[in-house]
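S.K.: A structural model of the following input is requested.
(one chain, ligands or ions: 1)
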Amino acid sequence: MVDVGRHPKIELLTMCEVIETKGYVGNFEVTLRKHPRYITDECTFCGDCLQRCIVFTEDEFNVGRALRKAIYTPFLQSVPRQYVIDDKACIHFSEEGCQKCVEDCKKRAIDFSQTVEEETIHLGAIIAATGIKPFDPTGLYGYGDSRFPDVVTSMELERMMSPEGPTKGKIIRPSTGEAPRSVAFIQCVGSRSEKDGQLSYCSKLCCPNTIKNTFLLKEHFPELETYVFHNGIRTSGNRQERMFREARKEGVVFVNSFPKITEGHVLTFFNPLIDQQWLMRKEFDLIVLAVGIVPTAKEVSETLGVPLGKRGFIKEDNQLSPSSTPTNGIYFAGAVGSPSDIKQCIEQAGNAAMQVSKHLQRDTAELSPIIAKVDPEKCTGCGKCSKQCLFGAIRVEDKVAVITEAACRGCGNCLNSCEFEAVSISNYSEEQLKAQLRAALRDPEDKIIVFACNWCSYAGADFAGTSRLQYCPKTRIIKTMCSCRVSPDLIRYAFALGAPKVIVSGCHPGDCHYLDNNMFTKKRVMKLKEELGSRGINPERLMLEWVSASEGQRFVKAVRKAEQLEVDEAEIELSKMIFSQPKKKKSSKKKHD
Ligand code: FES
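M.R.: Next up, the predicted model:
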């Protein structure tokens with residue numbers, strides 16, 4: 001951090017909040033709210049003001065276990081090395097006239113006239129790295145309003161062990177101030193639980209952190225009796241596993257069991273290795289709750305306009321682009337994207353910096369020629385396409401949808417939300433795909449039409465070919481960028497041309513290269529199958545198949561399944577007749593007017 005503060009090419013903006021982001025890669029416009037520090041650059045950090053300040057308030061950095069002054073530094077190594085005045089605590093703002101720190105500052109560096117300011121800056125790319133919050137275990141394990149004094153969280157223990165912490169590095173039982181003779185750690189507090197208000201995921205850091213703490217405690221108190229109650233220790237990689245084994249050699253007892261805290265410092269638990277019913281009771285001087293981690297990505301998502309995943313972390317674009325958000329030019333590093341330890345955070349930061357350098361090295365950005373286009377004559381400005389776009393590439397301006405070309409990924413999902421046929425995808429327009437269908441179904445007999453997404457299914461079909469796997473020669477493959485581009489109209493058109501069977505294939509759930517757009521595909525295909533059934537057409541004639549790039553066999557299996565389906569002439573004629581009826585087109589409001 002100190003290096004960042006000193007780097008000539010890094011401008012550090014502290015006390016700032018991002019309130020809005022507009023624009024696209026190479027051209028972001030970010031509005032910042034700058035909060036006043038009430039200290040000018042004249043400050044030499046002499047500490048006279050700190051001595052003089054008479055107001056004490058809770059110290060957030062020490063998790064409320066210590067007090068700090070109203071004029072303070074957030075923590076010892078904070079950058080820049082300057083004081084800040086907490087205007088909620090400082091009595092200058094509540095009791096007119098307190099100027100004690102001003103009187104003692106020889107450099108005249110205290111300025112109470114500073115106010116909140118807004119500033120807009122222009123950026124080429126953005127990296128979000130906002131970290132995490134520890135899970136609040138209030139109400140769990142006797143930790144809460146009427147909490148047991150000798151039950152602390154892993155964060156509180158961490159601060160207690162720090163020489164700059166509330167006890168200056170002395171590890172004590174809070175109730176007596178004496179050194180503990182026995183310590184119990186309870187793992188997975190708030191993590192890996194489906195209960196309301198808890199976290200369903202593994203927080204990843206807690207097991208290695210507890211193991212590290214058992215070593216530190218043993219250094220302080222070699223005779224300390226140490227127990228770790230866990231739900232399966234999770235240590236990954238060579239180093240963590242080695243530490244786990246060494247902790248056991250050092251005498252740390254690991255018990256696979258969920259204990260209960262009773263009487264403040266007594267744990268009741270069962271030992272599942274011996275007998276599920278065998279209850280044990282043991283007193284400990286100190287109990288540490290290894291709390292999980294909570295994402296801080298909600299505000300980041302709102303201000304940067306990038307989507308959140310189900311668990312509240314920033315959504316990664318896809319597995320092949322780590323550290324990338326779905327918005328071109330916006331990246332992330334560290335635990336804002338998923339639970340990560342320090343090593344992973346550093347790796348991700350390096351990766352994100354590399355990605356950004358790609359943009360900064362050039363004056364121009366390369367864009368894909370496959371992007372959405374809007375016909376302003378047909379567009380009513382209803383905004384449905386904008387809501388459908390997971391990449392924030394469509395906004396409505398003056399009642400017309402406008403595509404930000406640098407943000408558009410060309411998946412084609414927006415096209416399916418437009419009732420007025422105002423959206424098209426360049427190089428994959430409805431007309432171009434229909435022309436391919438007409439060519440493929442010139443002689444429709446026994447043909448199998450396969451719509452395959454570019455990234456997985458098409459590559460899977462290719463793999464089947466290069467692996468010399470045999471499949472029906474009457475298969476005709478039509479490539480789209482994503483399976484979500486396949487509109488129900490295209491499928492109806494294929495049936496209208498006499499296609500006996502149609503397969504829509506895409507990446508497996510979770511693997512779509514356009515976030516979860518293949519889930520829209522699933523919804524549309526299921527709806528269309530219902531429509532087929534209700535019109536007396538066998539819904540099995542329309543198939544949905546997930547095929548990955550390495551699944552040539554699976555592609556062949558899907559085609560064989562379609563090949564084996566018996567479809568008689570009468571049924572083909574029926575679907576031809578039903579879907580050849582001209583569709584009632586919705587006219588745009590503009591035309592209507
Ligand atoms: Fe394959 Fe979306 S890219 S289904």
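S.K.: show me where the stretch 101-250 of the chain has its helices.
M.R.: For the stretch 101-250 of the chain, the helices defined by DSSP state H, counting those that start in this stretch occupy 154-161, 206-220, 237-249.
S.K.: contact partners for the residue of the stretch 301-450 of the chain found nearest the ligand?
M.R.: Nearest residue of the stretch 301-450 of the chain to the ligand, counting by C-beta to the nearest ligand atom: C411, 6.8 Å away. In this view, the C-beta of every residue, glycine as well, is placed from N, C-alpha and C. C411 sits next to F391, M481, C482, C484, R485, Y514, N517 when contact means C-beta atoms under 8 Å, 6 or more residues apart in numbering.
S.K.: mind redoing it with 6 Å?
M.R.: Residues near C411 by C-beta atoms under 6 Å, 6 or more residues apart in numbering: M481, C482, C484, Y514, N517.
S.K.: of the residues you listed, which belong to helices?
M.R.: Residues from those lying in helices, with DSSP state H as the criterion: N517.
S.K.: most neighbours, which of the contacts of C411?
M.R.: Within the contacts of C411, C484 tops the neighbour count with 30 neighbours, counted by other C-beta atoms under 10 Å.
S.K.: for N518, see how far away that one is.
M.R.: C484 sits 6 Å away from N518, taking C-beta to C-beta, to the nearest Å as the criterion.
S.K.: equivalent analysis for N351, please.
M.R.: 26 Å.
S.K.: do L532 as well
M.R.: 20 Å.
S.K.: which of the two has more neighbours?
M.R.: N518 (29 against 20).
S.K.: quick check: pLDDT value at the more buried one.
M.R.: Per-residue confidence (pLDDT) for N518: 95.
S.K.: identify the residue spatially nearest to it, adjacent ones excluded.
M.R.: C512 (4.0 Å; C-beta to C-beta, 6 or more residues apart in numbering).
S.K.: count of neighbours near the one you found?
M.R.: C512, neighbours per other C-beta under 10 Å, totals 24.
S.K.: ok, now the one 4 residues further on?
M.R.: The burial metric for D516, expressed as a neighbour count using other C-beta under 10 Å, is 18.
S.K.: just V252 next, same as before
M.R.: Neighbour count for V252, taken as other C-beta under 10 Å: 22.
S.K.: for the contacts of C411, which one is nearest E419?
M.R.: E419 has its nearest neighbour among the contacts of C411 in C484, at 16.8 Å by C-beta to C-beta.
S.K.: ok, that closest one to the ligand distance?
M.R.: Distance, C484 to the ligand, using C-beta to the nearest ligand atom, to the nearest Å: 6 Å.
S.K.: show me what contacts that residue?
M.R.: C484 makes contact with C411, N413, N517, F520, T521, according to C-beta under 6 Å, 6+ apart.
S.K.: what's the answer for E103, then?
M.R.: So E103 contacts nothing (C-beta under 6 Å, 6+ apart).
S.K.: ok, now how distant is it from C411?
M.R.: 64 Å.
S.K.: wasn't R33 part of a strand?
M.R.: Yes. Assessed by DSSP: H, G, I helix; E, B strand; the rest coil, R33 belongs to a strand.
S.K.: you'd agree it is up against E17?
M.R.: Yes. Applying C-beta atoms under 6 Å as the test, R33 and E17 come out as touching, 4.5 Å apart.
S.K.: run through the residues that contact whichever residue of the stretch 1-150 of the chain sits closest to the ligand.
M.R.: Nearest to the ligand, among the residues of the stretch 1-150 of the chain, is V25, at 20.8 Å (C-beta to the nearest ligand atom). Counting by C-beta under 6 Å, 6+ apart, V25 makes contact with N328, G329, A365, A406.
S.K.: tell me which element the last one falls in.
M.R.: In this structure, A406 is located outside every helix and strand according to DSSP states H and E.
S.K.: can you report how many residues neighbour the residue nearest to it when sequence neighbours are not counted?
M.R.: Using C-beta to C-beta, 6+ apart and skipping the chain neighbours, the partner closest in space to A406 is Y24 (3.8 Å). By other C-beta under 10 Å, 20 other residues sit near Y24.
S.K.: pLDDT wise, what is Y24 at?
M.R.: Y24 is given a pLDDT of 89.
S.K.: can you show me the strands along the stretch 51-200 of the chain?
M.R.: For the stretch 51-200 of the chain, the strands defined by DSSP state E, counting those that start in this stretch cover 56-58, 67-69, 71-72, 84-85, 117-123, 126-128, 132-134, 151-153, 182-189.
S.K.: convert the C-alpha atoms of the longest one to CSV, please.
M.R.: Read it as strand 182-189. In CSV, the C-alpha atoms belonging to strand 182-189 read as follows (Å, rounded to 0.1, in the frame of the first residue of the first chain):
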residue,chain,number,x,y,z
SER,A,182,-7.7,-23.7,26.7
VAL,A,183,-9.2,-22.5,23.4
ALA,A,184,-11.9,-23.9,21.2
PHE,A,185,-12.4,-22.8,17.6
ILE,A,186,-15.8,-23.4,16.0
GLN,A,187,-15.6,-23.5,12.2
CYS,A,188,-18.1,-22.6,9.5
VAL,A,189,-20.0,-20.0,11.6
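S.K.: which parts of it are buried?
M.R.: Residues S182, V183, A184, F185, I186, Q187, C188, V189 are the ones in strand 182-189 that count as buried (16 or more other C-beta atoms under 10 Å).
S.K.: quick one: list the elements packing against that strand.
M.R.: Judged by 3 or more C-beta pairs under 6 Å, 6 or more residues apart in numbering; DSSP states H and E, strand 182-189 is in contact with strand 225-230, strand 286-291.
S.K.: secondary structure element for F555, which one?
M.R.: With DSSP H and E as criterion, F555 is part of helix 552-564.
S.K.: residues touching that helix, excluding its own?
M.R.: With C-beta under 6 Å, 6+ apart as the criterion, helix 552-564 contacts 448, 460-461, 463-464, 467, 469, 471-472, 475, 501, 503, 543, 545, 547.
S.K.: mind running it again at 8 Å?
M.R.: Counting by C-beta under 8 Å, 6+ apart, 448, 450, 457, 460-461, 463-467, 469-472, 475, 501, 503, 505, 543, 545, 547-548 sit against helix 552-564.
S.K.: quickly check: it near the ligand or not.
M.R.: No. On the criterion C-beta under 6 Å from any ligand atom, helix 552-564 is out of touch with the ligand, staying 13.1 Å away.
S.K.: tally up the residues packed near D86, please.
M.R.: D86 has 17 nearby residues by other C-beta under 10 Å.
S.K.: without its sequence neighbours, what residue ends up closest to it?
M.R.: D86 sits nearest to A70 (C-beta to C-beta, 6+ apart), 5.1 Å away.
S.K.: who's in contact with that neighbour?
M.R.: Listed by C-beta under 8 Å, 6+ apart, the contact set of A70 reads C53, V55, F56, T57, I85, D86, A89, C90, I91.
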